[in-house]
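Q: heads up, no residue letters with this:
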């Protein structure tokens, strides 16, 4: 297929390269010339204008960090208006339910299709095409793009026909990660106050009841107070928690744990920890107890 | 060794039987005659009086549900006073830090030793001697009882020389489980409000970032709203959360997630869910959103 | 002075009429023809177009319910662009810090002045010119409009030279009212659970430590469960709490009480109480305890 | 009447003296010899043994700081057992619902009466007999002691026939004060972050919607960061919040605002503020925002 790919960051670039390797014609766009060159070196294309790629694309994929950059690249740039009749936009970034609804509507007005397909998995999973893809959208559009998902992911999860359903699933999962981090932060603060080794405690729980990636990754950092360089920045964690809260508020769902979580993030920002790894959220718990 | 074993419940009985099978002389006590008979049928002993067993025991093991029953069986019964010089009491139940400190002191006064050794693992792990044992106490006492731990558990975790350190580790782990349940409850309530299948969502997270026993077990029940019969009662969950909060308060550690958690439990009790499985805590989140 | 007055609602109309009575030339605008007619009947003016009034005005006053209506009436309508050099816009509505900053900037670009002057007080205070006016803006602008404030209010409070400072003061005060309502809700739920009369309890506290308007007004409604017709709608309360939270987040201030408050509002919305009086927030507390 | 008065602290001494002045025979007891001497100087009595006073008393009044001291003075001392048939114990201290129930039962067993009568008001109100008395207990006992209440208080509030009902009312009122303090702490932290004067903001709210003693007293201290010497210690505030939470938990009432409040107190204790005035709770809010 002919693919216009927007967003060649740490996640987007390996995804785009995998699509090239699988035989697709991928024209990539990114604000970084370096990243764009890497795609070209791998056999991809680029252009100074998005117009030709957009008008010829069977599929547009966006993998951008937030609502603003996605809206800028796809809506304000005029890309949506240039797409051919029946083209499919797959938005794989983590965006708001509100943007997903807006894009669903806009594509419909231009006789195209919109699919939300945010992912679970980090760079290494993206590189080897082993992401978990959370997809929602019209059934026939999902069928058409199935070969692309099979290149990118180990498993495709369908959450419904409304694109925002995939966004909600992704936001709910990220909220759960944030909650796990905040909880670990409080638990190790308690343990440490009794002279229990944070590393031993975290090894216990991640070897037993919490033997899962989210706990091992963040737990390791929390126990060792190793927050730099960031894998995923705390400030981005706050962004996702707030997106989950907004999505929840729109349907009148109180999320009490998320509220506590949000306040802990703000506490961290007030103490200059926004650019540290998300695990640094544990410092808010330590601070409250006079440990930090 | 000669062992006096107090508490032959669903966890205690298989543990006592395993000790019998390993060649130890185990005299068991329980308010249930049925359970006591089962121990005897497996080769154990019992008695109408605790005195002879207590005075001859090398080791006393208690596996009782809470502070009150433990204090009744070991302190108020006079057992501590009857123990031989140098006897070791291993308390494997989940009790408060305060009781652990009190027992440490009492045993010291009677020239004995106190070891706290609560466990992680359910009945099936107890039956096959595959518990995780969280131990804290004097190093030489721990060395003496190592053979017993090797019968009961797959791994022994040492958390320090003060017995309450093991209790804190256990309570912190249980608080983490409660927090995970409450978080899952909120996350599936959010998902459901958007028409996302709770079962699909829970399968996603437990197949990926949260692929861990605590999430699989409770998540399965939450997604299916299957809360009876209880594996672990919600009211006992509240007990443990409160023990964690008390332990934390004693050392001036605020646990904000635990506070939210505690209130959700009370909400559940107010709605008659105390005897349901701990997973029923998710109903409080659903209720707030008008879903239950 | 020549005044263009936007927003002749329950608060705005009596304020505009008072300005007419004080001898000012007031041209009023509102989406309701009825309200506009009432102003004219009192000696005010109106017009089918805002242009002449805007271009001739010494002062523009807006008293609109939220950011969206204020932006529509003043910015999107082109009013700002039509104002004469040096004209002063007094925004007396409760709006966001963000909008106040945006308006400050826009007026500066058009060589005008922006003053934020939200008020404390209800309709009866507006009618008799006894509002408390929370003002912030450039000192000379404030001096110029002082005669107008003296017509409208019993006291003028200055909170600084940056208009948003007055908005923050107003939002912080409203957050405090919401917090008082939520707290009263919990306190009477506790009292009622012990068979203590809610009315007696509320009379006690409002006769003693909480002998203040916010407690008497809302406490009376809470104790009697009298939530309709609404004096101030619960959904508007949520709007204000969220504005306070946004203002706080922008400067990295965690507001934990506000977070609990926000979730209680969402709970109320999920149970169809958004159009009831703000006092109905107490029902969320009762519901959690199984009392409602 | 013949009165045995236990607890001659800052509140108890002026109360006891007022009873002496009103013509009653008051025998006072306190651990402080100084305070006891002051009572005697005012015409009261004392004794090295509580027995004669207890056995002759028509009424026993206790005004002690907490459950432990009250239980020690009245129960463990043997005083209850020594009381004459039909004697009335008026407990005017702020104690737990649980202790009130226990004392109700104990007095019934000894053919006496128990009335709970905690007070609202500070030392100056105690000195001039202008306390607000929150009373609950059997109607005839309340009638008998009415003359004493008329000496001590400006108004008597009846909350029911079960003594704990008065305790609940008192605890609910104190929880409301704590909540007001925590809310003020957050509100001024927000205001200060925008450069709004804390003193001006607090003057605004206490002159208008929050023109009440609880806000004026604590708000004054919060705005000026004046926390020493303490009027009422922060650590005692935590005690009362916890008593309210315990009373609520017993009847399955979740108090979410109280939970946030409790954690803020613990944060304050962790930072060495337990002996400061209750208003210092505002420092926890400031700390979270990086202001303290």
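A: Now that the structure is in, tell me what you want to look at. All values derive from a computational prediction rather than experimental measurement.
Q: Next one: residue A:79 from residue D:76, what distance?
A: The gap separating residue A:79 from residue D:76 is 81 Å, by CB to CB, to the nearest Å. Heads up, the C-betas are built off the backbone N, CA and C, glycines and all.
Q: Show me which of the two is the more surrounded one.
A: residue A:79 (22 against 10; other CB atoms under 10 Å in any protein chain shown).
Q: Do I have it right that the more buried one meets residue A:62?
A: No - at 9.1 Å, residue A:79 does not count as touching residue A:62 under the criterion of CB atoms under 8 Å.
Q: Overlap of the contact sets of these two?
A: A:6, A:73 (CB atoms under 8 Å, 6 or more residues apart in numbering or on different chains).
Q: List the residues that contact residue A:238.
A: Counting by CB under 8 Å, 6+ apart, residue A:238 touches A:262, A:265, A:266, A:269, A:274.
Q: Next one: it relative to residue B:173, how far apart?
A: As judged by CB to CB, residue A:238 and residue B:173 stand 27 Å apart.
Q: How about residue A:125?
A: 29 Å.
Q: What residues does the stretch 151-292 of chain A have near chain C?
A: Contact residues (CB under 8 Å from any CB of the partner chain) of the stretch 151-292 of chain A with chain C: A:248-249, A:252-256, A:259-260, A:262-264, A:266-267, A:269-270.
Q: Can you narrow those down to the ones near chain D?
A: A:256, A:263, A:266, A:267, A:270.
Q: Now for residue A:163: which residues touch it?
A: So residue A:163 contacts A:91, A:100, A:101, A:103, A:104, A:114, A:115, A:116, A:136, A:137 (CB under 8 Å, 6+ apart).
Q: actually residue A:173, not the one I wrote
A: Residue A:173 neighbours (CB under 8 Å, 6+ apart): A:120, A:134, B:187, B:204, B:205, B:208, B:209.
Q: Quick one: residues contacting the residue in the stretch 151-292 of chain A that chain B sits nearest to.
A: Of all residues in the stretch 151-292 of chain A, residue A:212 sits closest to chain B, with a separation of 3.5 Å (CB to the nearest CB). Applying CB under 8 Å, 6+ apart to residue A:212 gives the contacts A:206, B:209, B:210, B:211, B:212, B:215.
Q: Find the nearest non-adjacent residue to it, please.
A: residue B:212 (3.5 Å; CB to CB, 6 or more residues apart in numbering or on different chains).
Q: cool, residue A:10 as well?
A: residue A:123 (5.3 Å).
Q: who's in contact with that neighbour?
A: A:10, A:11, A:14.
Q: wouldn't the second one be in contact with residue A:127 here?
A: It stands for residue A:11. No - if you go by CB under 8 Å, residue A:11 and residue A:127 don't touch, sitting 9.6 Å apart.
Q: With neighbour numbers in mind, choose between those two.
A: Each of residue A:11 and residue A:127 has its neighbours counted (other CB under 10 Å); residue A:11 has more, 22 against 17.
Q: Could you check how far that one is from residue B:168?
A: For residue A:11, the distance to residue B:168 (CB to CB) stands at 40 Å.
Q: Farthest pair within the residues of the stretch 151-292 of chain A next to chain C?
A: Taking CB to CB as the measure, these span a maximum distance of 29.8 Å, between A:252 and A:270.
Q: next helix or strand past whichever strand or helix holds residue A:147?
A: Residue A:147 is part of helix A:146-152, with elements assigned from DSSP states H and E. Downstream of helix A:146-152, the first helix or strand assigned by DSSP H and E is strand A:153-158.
Q: Run the chain-centre distance for that next one.
A: 15 Å (CA atoms, centre = their mean, to the nearest Å).
Q: Whichever helix or strand comes after that strand to helix B:164-193, inter-axis angle?
A: Reading on from strand A:153-158 to the C-terminus, the next helix or strand found by DSSP H and E is helix A:164-193. Note on geometry: by axes from the mean of the first three to the mean of the last three CA atoms, to 10 degrees, helix A:164-193 and helix B:164-193 are set 170 degrees apart in direction.
Q: follow-up on the earlier one: filter the ones next to chain D among the residues of the stretch 151-292 of chain A next to chain C by proximity to chain B?
A: Near chain B, by the rule CB under 8 Å from any CB, you find A:256, A:263 out of these.
Q: who wins for neighbours among the ones next to chain D among the residues of the stretch 151-292 of chain A next to chain C?
A: Counting by other CB under 10 Å, top hit in these: residue A:256 with 28 neighbours.
Q: For that residue, list the residues it contacts.
A: Neighbouring residues of residue A:256 by CB under 8 Å, 6+ apart: B:182, B:186, B:260, B:263, B:264, B:285, B:288, C:260, C:263, D:256.
Q: Any chance of TSV for those, columns pLDDT and distance to residue D:230?
A: Listed next are the contacts of residue A:256 as TSV, based on pLDDT from 0 to 100; distance: CB to CB, whole Å:
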residue	pLDDT	distance to residue D:230
B:182	98	36
B:186	98	39
B:260	98	30
B:263	98	29
B:264	98	34
B:285	98	40
B:288	98	38
C:260	98	27
C:263	98	33
D:256	98	27
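Q: who in the stretch 51-200 of chain A is up against chain D?
A: Counting by CB under 8 Å from any CB, none of the residues of the stretch 51-200 of chain A come close to chain D.
Q: so how many other residues sit close to the residue in the stretch 51-200 of chain A positioned nearest to chain C?
A: Scanning the stretch 51-200 of chain A for the residue nearest chain C gives residue A:182, at 12.8 Å (criterion: CB to the nearest CB). By the measure other CB under 10 Å, the count of residues near residue A:182 is 28.
Q: how much space between it and residue D:43?
A: For residue A:182 relative to residue D:43 (CB to CB), the value is 61 Å.
Q: related to what we said a few turns ago, so what does the residue nearest to residue A:10 have for phi and psi?
A: phi -50, psi -50 (degrees, to the nearest 10).
Q: Helices of the stretch 1-150 of chain A, start to end?
A: For the stretch 1-150 of chain A, the helices defined by DSSP state H, counting those that start in this stretch cover A:12-21, A:33-41, A:51-56, A:67-70, A:79-82, A:97-109, A:123-127, A:139-144, A:146-152.
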